[in-house]
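**Q** need a 3D model of the following:
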Amino acid sequence: FGCAGERTDNRNGRRKKSNTGSMSESSTSSGAGTLIKFAVLLSICILAFSVRLFAVIRFESIIHEFDPWFNYRATAYMVENGYYNFLNWFDTSAWYPLGRIVGGTVYPGLMVTSGTLHYLLHLLHIPVHIKDICVFLAPVFSALTAMATYLFTTEIWNERAGLLAAAFIGIVPGYISRSVAGSYDNEGIAIFALMFTYFLWMRTVRTGSIFWASLTAVSYFYMVGAWGGYVFIINLIPLHVLVLLVTGRSDAKIYTGYTVFFILGLLLSMQVPFVGFLPLKTSEHMASLGVFGLLQLHAFFQYLRPQLTQQEFRKMYMTLFGVAVALSVPALMTLTYLGYVAPFSGRFYSLWDTGYAKIHIPIIASVSEHQPTTWTSFFMDLHILSSFFPAGMYFVLHRLTNARVFIVLYALSAVYFAGVMVRLMLTLTPCVVVLGSIAISHILDNYFSSSVGSQKASESSETDKKKKAEEKSTTDIAGIDSRAIVVVLLCVMMAIFAVHCTWVTSHMYSSPSVVLASNNPDGSRNILDDFREAYYWLRMNTEEGARVMSWWDYGYQIAGFANRTTLVDNNTWNNSHIAMVGMAMSSNETRAFEIMQSLDVNYVLVIFGGMIGYSGDDINKFLWMVRIAEGEHPDEIHEPDYFTESGEYRMDSAVSQRMRTSLMYKMSYYRFAEVRGGFDRTRNVEIGEKNIKLTHIEEAFTSENWLVRIYRVKDPHNRKRQLLSVKDQKIEINKQGKSYRKGGKGRVANAPVVAKKPDHPHIKAEKDLK
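**A** Take a look at the predicted model:
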């Protein structure tokens, strides 16, 4: 339209038409740009949801892993009985005989979110089972996370980088690993809350608005109710404010935003039953309180500054600041010593000392996701983004603002924690996505825009032609524009990244742990459904109140699938109780029977992978059982006893005597020699003890592929005993009677007393135990 207007002979008319055409072109391009942006974001949300459905397509709509089964069971209870009954729910079928207060020991955000969606859908007369909502909740929230990442990146850079960040977070494996369909865990909604809280904080830093600060506090409240990782937020935001204070970047906007956020966030977070007064009583939250105090002190100094000279102000500032620090540190130490402020937890220390947990808290070190991250995991979960991440950091540092200081601090802290613990790759992934998107967007802005602009450049004069020729000679390689080469290579890399993400999602992160799959020689799939087969047997063939002893990994699944009482589960809140189960597994059968009798155990469940080569069985986890049991019972359990004389952990003929007689070894390899000749495919050895006999327990069920084995604990009168001969059972009559109280009913006065021969030691031990 502008070009058409310029062809008019009348200068005024030409100018008028040109302006009208320019306005029309601007509004048209703005509307088209908004429409394209909306279409791209909608496509990204659909892609983020769809790419997480491989598990449902290949298997079925089922809850995955271990923790999600408790979350589903708790959600179903809340939907059926109501929220307040859920908060007061005392689960007697968990941690027998102790039980568990569920409402006060969980973050209820996940359950409340699913229950709210279930209520709204039924309000609209859309009948959806709560299980289906739980299965598809994480994919739905992955689309919301893409939107939150777009808003966050747009706030600190521009919309083009925001669109790239939304696309990358939708398919990156580091986030997909915890958000596939069926992965009904806290992280599925927590990453959305994390990124949305960060976006609102960035908006608060830019505007200094009480409204945005209040929204930040509300979003933080949702994060507190969703995941224990909220501690990362309440320490990162104060760190951001502290750095701005130290570097002189703080202003009234920072003061207003943080003050409102801290006070409202503190009050709201205390409404979560599991959190309660922890923000005021734990060391992990003291940093936010300290920064709040420093910010008020700094604001007070700024108020007094116009009334004092520079020298007086500096002297007072240093004096009062030193006094505040000198008083606050001893006060915090005193409160910690007196017990008013709890010291740092073991999990916190394990983040700074990687060997701390293995020595002091083996239950934490035994979890695979608490191990340090390998380099291959970084590449597998981030791929090319790990290469663009440093470039994005450079571009941000080159154009530093208050908001970009935050992403720098986020990156530095997340990189460290992700290296210490593989689980925290989840918090690093959004940061790498944002910085990687900024780097790629910056490259495209410089190369792609320049190449497009050169095509539109005017060639009206000889000077312009000479400049264009000189520019072309410096940028051409063999007659091809080098900028186009860079753009094409970048597009190829992003295409490879998309292929990698799809492959990793479909093959590595879309297999439910309760259903295993293998490939036959002809390429067809073989489904191994031993877990559900065993849990179904427990549900249908055992009494309703039966107590099942297993390692804590399988507690949630037993309760969710079989609806049976368990001794320990994945909550791991009582280390002593877990150590008791570990000692039973590590002891010989007689000692284990005594422990099981004291815990009223009816059945014992073990996972054995020697038949099919499953490496995640209990034999491979056994040393952690020994270490945890040794921590509580060092007089009975010694880890070196389970190794050979040369210090090896072996199951073949060189197996140690203590390992050979342990309950775990017997339950795993009982009758195994009859099936495969005793060859263990997982450890690639022939077992050392083949003639295994059981005295106090008996085999009740073994799944099709021997993956799950269940044993019944015999009753005391049902066990094999050393019977006494008739001669040994002869009794003697004592003629001396015993006078009973007069009037006693049901008794004979002066009756002879029958004195039996002393009990056999086995029988006496049983009576003493009872």
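
**Q** what residue ranges in the chain score low on pLDDT?
**A** Scanning the chain for pLDDT under 70 picks out 1-27, 29, 346, 357, 449-480, 718-770.

**Q** wait, what's in contact with the residue positioned nearest the centre of it?
**A** Compute the mean C-alpha point of the chain, and by C-alpha atoms, centre = their mean the closest residue is Glu187, 5.5 Å away. For Glu187, the contact set (C-beta atoms under 8 Å, 6 or more residues apart in numbering) comprises Arg178, Ser179, Trp227, Gly229, Leu426. Every residue, glycine included, has its C-beta placed from N, CA and C.

**Q** likewise Ser288?
**A** Ile234, Asn235, Ile237, Pro238, Phe262, Pro279.

**Q** now for the contacts of Glu187: which two are most distant?
**A** Ser179 and Gly229 (14.4 Å; C-beta to C-beta).

**Q** more neighbours: these two, which one.
**A** Each of Ser179 and Gly229 has its neighbours counted (other C-beta atoms under 10 Å); Ser179 has more, 25 against 20.

**Q** helix/strand/coil for the more buried one?
**A** Assigned by DSSP: H, G, I helix; E, B strand; the rest coil, the conformation of Ser179 is coil.

**Q** so it touches Ala138, yeah?
**A** Yes: under the criterion of C-beta atoms under 8 Å, Ser179 makes contact with Ala138 at 4.2 Å.

**Q** any shared contact partners between these two?
**A** Arg52, Gly188.

**Q** ok, Leu110 - contacts?
**A** Counting by C-beta under 8 Å, 6+ apart, Leu110 touches Asn71, Thr75, Leu137, Tyr184, Asp185, Asn186, Gly188, Ile189, Ala226.

**Q** where does the first one land in three-state SS?
**A** Yep, that's Asn71 we're talking about. Counting by three-state DSSP, the backbone at Asn71 sits in helix.

**Q** so who does the nearest residue to it once chain neighbours are set aside touch?
**A** Spatial nearest neighbour of Asn71, chain neighbours left out: Tyr184 (5.2 Å); criterion: C-beta to C-beta, 6 or more residues apart in numbering. Going by C-beta under 8 Å, 6+ apart, Tyr184 touches Ile63, His64, Pro68, Asn71, Tyr72, Thr75, Leu110, Ser114, Cys134, Val135, Leu137, Ala138.

**Q** swap in 6 Å and give it another go.
**A** The contact partners of Tyr184, by C-beta atoms under 6 Å, 6 or more residues apart in numbering, come to Ile63, Pro68, Asn71, Tyr72, Cys134.

**Q** just the buried residues from the residues you listed, in ChimeraX please.
**A** What follows is the ChimeraX syntax for the buried subset of the contacts of Tyr184, where burial is set by 16 or more other C-beta atoms under 10 Å:
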select :63,68,71,72,134
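
**Q** so can I have CSV of the contacts of Tyr184 showing distance to Ser550?
**A** Putting those into CSV (distance: C-beta to C-beta, whole Å) gives the following:
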residue, distance to Ser550
Ile63, 18
Pro68, 18
Asn71, 19
Tyr72, 19
Cys134, 24
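
**Q** closest one of the contacts of Tyr184 to Leu120?
**A** Nearest to Leu120 among the contacts of Tyr184 is Cys134, at 15.1 Å by C-beta to C-beta.

**Q** quick check: buried residues in whatever helix or strand the closest one lives in?
**A** Element membership for Cys134 (DSSP states H and E) is helix 130-156. Going by neighbour count (16+ other C-beta under 10 Å), the buried part of helix 130-156 is 130-131, 133-156.

**Q** repeat for stretch 43-54
**A** Ile44, Cys45, Leu47, Ala48, Phe49, Val51, Arg52, Leu53, Phe54.

**Q** so how far is Val180 from the last one?
**A** Using C-beta to C-beta, to the nearest Å, Phe54 is found at 7 Å from Val180.

**Q** now do the same contact list for Asp529.
**A** Counting by C-beta under 6 Å, 6+ apart, the residues that Asp529 touches are Val515.

**Q** for the stretch 101-250 of the chain, what spans make up the helices?
**A** Counting by DSSP state H, counting those that start in this stretch, the stretch 101-250 of the chain has these helices, from start to end: 109-123, 130-156, 159-171, 173-176, 187-207, 210-226, 230-246.

**Q** Glu594: which of the ones you listed is closest?
**A** Judging the helices of the stretch 101-250 of the chain by C-beta to C-beta, what sits closest to Glu594 is helix 109-123, at 39.3 Å.

**Q** the stretch 501-650 of the chain: helices as residue ranges?
**A** 530-541, 555-557, 575-586, 589-598, 618-632.

**Q** out of these, deepest packed?
**A** helix 555-557 (a mean of 26; mean count of other C-beta atoms under 10 Å).

**Q** any idea how far Ile438 is from Ser413?
**A** For Ile438, the distance to Ser413 - C-beta to C-beta - is 18 Å.

**Q** so which of these two has more stuff around it?
**A** Ile438 (29 against 18).

**Q** how far off centre is the helix or strand hosting the more buried one?
**A** Ile438 is located in helix 425-456, with elements delineated by DSSP H and E. Averaging C-alpha positions (C-alpha atoms, centre = their mean, to the nearest Å) puts helix 425-456 30 Å from its chain's average.

**Q** one more: stretch 269-278?
**A** Using C-alpha atoms, centre = their mean, the offset of stretch 269-278 from its chain centre is 20 Å.

**Q** so what touches it?
**A** Counting by C-beta under 6 Å, 6+ apart, residues outside stretch 269-278 touching it are Gly104, Tyr107, Val224, Gly225, Pro279.
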